[in-house]
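Visitor: From the sequence below, what's the structure:
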Amino acid sequence: MNGSLDIYYDEEGDFLEITILNPPIESFCEDVNEDVFIRRDENTKEVIGIGVLNFKSHAHDLKDILAKAPVKINFETIEP
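Guide: As a prediction, this is how the structure comes out:
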């Protein structure tokens, strides 16, 4: 998953989503764990996002959840 990330949290719905900005229109979801899914590009099958339903109940396990997901998120700084 390369590119700029968009992190969205809906407190009322308790949903966390991490997505590449400007993802392709054609994509599909794949369950990874209970309440956790990844979104893949329909054509390339590249992971373009991850979503966590009932985030508050899973937040303490987030490190383990992400370890099981087939994604690796790297943060690096860039010069403005």
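
Visitor: per-residue pLDDT, the residue nearest the centre of the chain?
Guide: For the chain, the residue lying nearest the average C-alpha position, counting by CA atoms, centre = their mean, turns out to be residue 50 (1.8 Å). Looking at residue 50, its pLDDT is 88.

Visitor: for the one 10 residues further on, same thing?
Guide: The predicted local confidence for residue 60 comes out at a pLDDT of 74.

Visitor: I'd like the distance between it and residue 22.
Guide: 32 Å (CB to CB, to the nearest Å). Heads up, the C-betas are built off the backbone N, CA and C, glycines and all.

Visitor: Repeat that for residue 15.
Guide: Applying CB to CB to residue 15 and residue 22 gives a distance of 21 Å.

Visitor: Could you do residue 33 as well?
Guide: Residue 33 sits 27 Å away from residue 22, going by CB to CB.

Visitor: Between the two, which has more neighbouring residues?
Guide: Counted by other CB atoms under 10 Å, residue 33 and residue 22 do not tie: residue 33 has more neighbours, with 14 against 10.

Visitor: Low-confidence stretches in the chain?
Guide: Where the chain drops to pLDDT under 70, the residues are 1-3, 21, 23-24, 62-63, 65-80.

Visitor: May I have the secondary structure class of residue 56?
Guide: helix (DSSP: H, G, I helix; E, B strand; the rest coil).

Visitor: Give the closest residue to it in space, chain neighbours not counted.
Guide: Distance criterion CB to CB, 6 or more residues apart in numbering; nearest residue to residue 56, sequence neighbours excluded, is residue 14 at 5.5 Å.

Visitor: May I ask you to confirm that the one you found is in contact with residue 51?
Guide: No: using CB atoms under 8 Å, residue 14 is not in contact with residue 51, being 11.6 Å away.

Visitor: how many neighbours does residue 42 have?
Guide: Residue 42 has 12 neighbours, counted by other CB under 10 Å.

Visitor: do the same with the one 3 residues further on
Guide: The tally of other residues near residue 45 (other CB under 10 Å) stands at 11.
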